[in-house]
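Q: Provided below are the primary sequence and the corresponding predicted coordinates.
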Amino acid sequence: MQSVCPGVSSFREVREDHLFYADKTSFIGEFLKDTPPKVSLITRPRRFGKSLTMSMLAEFFDIRKDSRAIFSGLHVSEDRDLCAKWMNKWPVLAISFKEVRGETFRNALFQFGELAGQSCSENLFLLESPRAGAREKKRIASIYDGTASEDETGTVLQTLCQALYQHYNEKVIVLVDEYDVPLAKAQEQGYYNKMYSFMQSVLGGLLKDNTKLKFAILTGCLRMAQESSYTGLNNSTCYSISDADFADKIGFTAKDVRKLLADTGLSHKEEEIRTWYDGYCFGRHNDMYCPWDLLQYVRKLQSEPESMPSPFWINSGSSNVVKICIGRTDYAVDDEIAALLDGEVIEKELNEQLTYDELEASENNLWTLLYLTGYLTKAADYEPAEQNAMPLRIPNREVHEIFARKIGEWFCDRVQGTDLRPLYDALWSSDAVAFAEILSSLLMDTMSYHDYKEVYYHAILAGLLRAKYIVRSNYESGLGRSDLIVRDATNKRCAVIEVKRSASPDSMEEDAGRAMLQIQSQKYAAPLVSESRTVIAWGMAFNRKSCVAVCRQEA
């Protein structure tokens, strides 16, 4: 059975350890079929396989490697003329900035210094080269041993590029992975301007008017505005998630997923996996998957065959983007987020020239950020009413769950400091009146005066209960899917909750009763009786800031 290992970004390790690899080497031939741009920027959300792609390119081009074995049997190896001209024929300078993410500018500079020293360590042979210049050797040595100034350290890539050219008498291919992580972290921590200036010195001389450069490929999450002076990237060719070029070369296609599931004996899970992890639209491909999430689940299934899908992406670090959007009460985003959670499509004019210092400058910038970071995707089958608008939707169940959880977290942050023990006591003592009064009070103190959709109340309730208990949303139970299953493992008790949104205050009691009848008719509580000493069914109805609840003990 095929082995998988999420998070391995070394192409050589994947191939030599016989891990699953979706063959994306045709990218090389497509990129080289015409004269490549001097500087190319490929933008994709985090965790979509950019680092593995860059490692694959480094292994293919690097003159210091022999890569014939690890490319054997792959698509690119079929083009013998291309391999004869390009495989292991060029000096390569490859670096990743994904670990330059300091909490302060000083900390980030230290991390960059460590990275620069590592890059010099990988090229120490240049110090013995009779062809490399004395100035370049001296600077490489000082960066390596940590005695270089901040300004000298900032020139490490330009210096190494120059020395590699001198040594090989060939132009250098430069590969910079996750080039924008330092800027993203700097924007988050409040030192963006300092980092912006520093990164200009790092990449400016390397990319702009560098006669020793064969070509450069950079990856990141956001592109830079054409009018930006940043590092010469204003003259780069950008391939974003909206572009047709190379759209299926980073990320898994449906075909890749079918092969993965066949190779791992999990083809029977295809429909479940499609629901949870498919749905991204890149260029003309509207069936793209995030490899990291999918591989996480496949690996879990290999060791625990009864495992359920999970929102693995929520721990990726980038999900705070959703929370930022939800928390912007100065923008009218609540209704549209609720519509998205309800499966609807919204239309927005996006700013794909977005820069990190402009993320929250306008509502449209926030929607753009959610699109570029993968939390929304283009609704390919939807015709927008406005010519310049992009139809947007939540791509899959995983991202839907992330939105719902972030709404719950946001609500919990808003009620931080409130003693929630009375709410929990009312839940387990079947005190429907007290539970509804406490929850209504929390809504009154926290929410704006909106008539929220049912899914919003669902998310808020799940967030409050998840703070203390195990909560599963839309969990298969009985003859269907209950809204929430709440487990108190310590005391072996469960609550089954069904949520309704009422059109008016007058219908709330009736709607709460309908929710209870649904639990009983669909037998949501039945499978839980055998595993818990206590099972309580709850029907709840919400209207604006009010809640009505009914409950019944099932076991």
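A: That came in fine, so what should we check first?

Q: ok, residues contacting stretch 270-286?
A: 44, 241-245, 247-248, 251, 253-254, 257-258, 261, 287-290, 293-294, 297, 309, 374, 377-381, 395-398 (C-beta atoms under 8 Å, 6 or more residues apart in numbering). (Glycine included, C-beta is placed from N, CA and C.)

Q: ok, 7 Å please
A: Identification of contacts with stretch 270-286 by C-beta atoms under 7 Å, 6 or more residues apart in numbering yields 241, 243-244, 247-248, 251, 253, 257-258, 261, 287-290, 293-294, 297, 309, 374, 377-378, 380, 395-398.

Q: got the residue ranges for the helices in the stretch 301-450 of the chain?
A: 320-327, 334-341, 363-372, 397-414, 421-428, 432-446 (DSSP state H, counting those that start in this stretch).

Q: Make a markdown table from those helices and add mean pLDDT and mean neighbour count to it.
A: Below are those laid out as a markdown table (pLDDT from 0 to 100; neighbours: other C-beta atoms under 10 Å):
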| stretch | mean pLDDT | mean neighbour count |
| --- | --- | --- |
| helix 320-327 | 77 | 19 |
| helix 334-341 | 85 | 19 |
| helix 363-372 | 91 | 21 |
| helix 397-414 | 89 | 21 |
| helix 421-428 | 97 | 17 |
| helix 432-446 | 93 | 18 |
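
Q: nearest spatial neighbour of residue 39, skipping sequence neighbours?
A: Counting by C-beta to C-beta, 6 or more residues apart in numbering, residue 236 is the residue found nearest to residue 39 once chain neighbours are left out, at 4.0 Å.

Q: check contacts around the one you found.
A: Neighbouring residues of residue 236 by C-beta under 7 Å, 6+ apart: 37, 39, 40, 41.

Q: re the thing from before, where strands are concerned, which of the contacts of stretch 270-286 count?
A: In this view, the contacts of stretch 270-286 that belong to strands under DSSP state E are 287, 288, 377, 378.

Q: Quick check: pLDDT value at the second one.
A: As summarised for this prediction, residue 288 has a pLDDT of 96.

Q: Kindly provide the distance from the residue nearest to residue 39 to residue 40.
A: Distance, residue 236 to residue 40, using C-beta to C-beta, to the nearest Å: 6 Å.

Q: ok, now residue 372?
A: 17 Å.

Q: What pLDDT is listed against the residue located most distally from the centre of the chain?
A: Relative to the centre of the chain, the most outlying C-alpha is that of residue 130, 45.9 Å out, by C-alpha atoms, centre = their mean. pLDDT, residue 130: 96.

Q: Got phi/psi on it?
A: phi -70, psi -10 (degrees, to the nearest 10).

Q: and it, how far is that from residue 136?
A: For residue 130 relative to residue 136 (C-beta to C-beta), the value is 13 Å.

Q: ok, now residue 121?
A: Note on residue 121: its distance to residue 136, by C-beta to C-beta, is 16 Å.

Q: These two - which one has more neighbours?
A: Taking other C-beta atoms under 10 Å, residue 121 and residue 136 do not tie; residue 136 has more neighbours (22 against 11).

Q: check which helix or strand covers that one.
A: Using DSSP states H and E, residue 136 sits within helix 134-145.

Q: same deal with residue 455?
A: Using DSSP H and E, residue 455 sits within helix 454-466.

Q: just checking, what packs against that helix?
A: helix 334-341, helix 397-414, strand 470-477, strand 480-488, strand 493-501 (3 or more C-beta pairs under 7 Å, 6 or more residues apart in numbering; DSSP states H and E).

Q: which residues does the residue nearest to residue 54 when sequence neighbours are not counted bridge with?
A: Among residues not flanking residue 54 along the chain, residue 177 sits closest, at 4.4 Å (C-beta to C-beta, 6+ apart). For residue 177, the beta-bridge partners are residue 96 (DSSP bridges).
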